[in-house]
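Student: Coordinates for the following, if possible.
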Amino acid sequence: MGRDGWANRGNYSLNGIALRDQVLTILSVPPDLSHETRTRLIKSMEKWEFEPHKLPEEELLACTLILFDVLYRIEGMEEAIGVSMKQITPFVHHLRRIYRLENSYHNFEHALDVLQAVFSYLRAAGMVPPLSILHIPGRMWASSRPVNSGVLIKSLGLHELFVIYIAAIGHDVGHPGFTNAFMKNASTPLSEVYDGKSALEQMHSQLLLRVMRHHGLGVVLDHPTTGFQVRRLLWETILATDMSVHDQFMKNLKAVIDGQAGPVCFRQSIICQTLMKCADISNPSRPYRVAKHWASALMEEWSSQALYEKFLDLPTTVQPNYSPISEAKAQVFFISAFVKPLLDLTVQAIPAGVTIYRDEVVFGSMYDEPSNMDKKTEVSRN
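Tutor: Numbers count the residues shown, from 1 in each chain. Predicted coordinates for the structure are as follows:
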């Protein structure tokens, strides 16, 4: 396949996916889970060892809906949002169909992994109920501390919790399996539309909004008093996953921690971005076998891109997986340069929410400082 065929692949998400009623006929709802299977999935998501990449299709979807079900056990959530769980189900199924199955890393399994991480952070901070609440039909839950009660994460209300959930499950929807740097160098239409600035993240945001509106979630996006802030928060949260803006984000977070809080909407944005970024690059903080899977999956995706860059005679913008040593060195750099500094700073902002997961990161300076190529390619993680 030539330059035009592959380089335009990132364009298919917005132009090639028709949001029409007949498309939804393929979105079949899987059969109801047995009590034993549901209990097993709930138990698996209570652990930081969660491994969505090992689950069959119907259980991937079930886990996603279980996590949303927990969110809806918060008192007043459905009334505040105006969206029911019955609407969430087809929305999630639709998203699943437009995550590319061919991607070894940027796929629906990764999206569920990020959502489970977000839930884990929020649960540790006392912002959402435990999964065990689902064993009790009809049981509802309320936080013991009111919104804006002094703790930074308590600036999040019901709308903000809903946004971070939606952002987590939809933040990479339609991902073509290429990085922003490749899209720009290949002069893809998607990159040109967004002037090479966070093209993928902007596409994910726009596609997510379309799917939301198609399934009736537009009520929360277009509410006359809160809709603008919800849309803006969703956009800002997803765009924060672009590693090219990481340095500026870290400066903003440090400023908030140092007392430059600003208006409540700014604090809400920073906290949602923080949770999203920590979850998006949480893999190295998972147990070793889990972290190794995700590292290998990312390197596989990068290796495919590197081969295609060579075929198109484009600059190499990612580090291909030449050996286990090169994979390990890439992870060592990424942990030291991005993951650990982010988690260390986040612990100051949300001590109850992230500390136990930050402490899972095992890092040692096993190698010399990576070359400039290593540094350049690692920033291309998204």
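
Student: shouldn't residue 98 be in contact with residue 172?
Tutor: No - Residue 98 is not in contact with residue 172 according to CB atoms under 8 Å; the separation is 10.5 Å. For every residue, glycine as well, the C-beta is placed using N, CA and C.

Student: Which of those two has more residues huddled nearby?
Tutor: Set side by side, residue 98 and residue 172 show more neighbours around residue 172, with 25 against 19, by other CB atoms under 10 Å.

Student: and that one, which of the three is it?
Tutor: coil (DSSP: H, G, I helix; E, B strand; the rest coil).

Student: got the contact list for it?
Tutor: Neighbour list for residue 172: 99, 106, 107, 110, 111, 204, 241 [criterion: CB atoms under 8 Å, 6 or more residues apart in numbering].

Student: what about 7 Å?
Tutor: Contacts for residue 172 (CB atoms under 7 Å, 6 or more residues apart in numbering) come out as 106, 110, 111, 204.

Student: For burial, what's the neighbour tally of the nearest residue to residue 164 once chain neighbours are set aside?
Tutor: Spatial nearest neighbour of residue 164, chain neighbours left out: residue 272 (5.0 Å); criterion: CB to CB, 6 or more residues apart in numbering. Neighbour count for residue 272, taken as other CB under 10 Å: 25.

Student: by contact count, what packs against whichever strand or helix holds residue 272?
Tutor: Element membership of residue 272 [criterion: DSSP states H and E] is helix 264-280. Counting contacts by 3 or more CB pairs under 7 Å, 6 or more residues apart in numbering; DSSP states H and E, helix 264-280 packs against helix 108-124, helix 158-170, helix 227-239, helix 246-257, helix 340-349.

Student: Which positions within the top helix by length along the chain qualify as buried?
Tutor: The longest helix of the chain (DSSP state H) is helix 288-311. Across helix 288-311, burial judged by 16 or more other CB atoms under 10 Å covers 290-299, 301-306, 308-309.

Student: One more: stretch 130-148?
Tutor: Applying 16+ other CB under 10 Å to stretch 130-148 flags 131, 133, 134, 143 as buried.

Student: Going by distance to residue 254, which of those wins?
Tutor: residue 143 (26.9 Å; CB to CB).

Student: residues contacting the closest one?
Tutor: 126, 127.

Student: what about it, which SS state?
Tutor: coil.

Student: could you give the angle of the longest helix of the chain to helix 108-124?
Tutor: Put simply, helix 288-311 runs at 140 degrees to helix 108-124, going by axes from the mean of the first three to the mean of the last three CA atoms, to 10 degrees.
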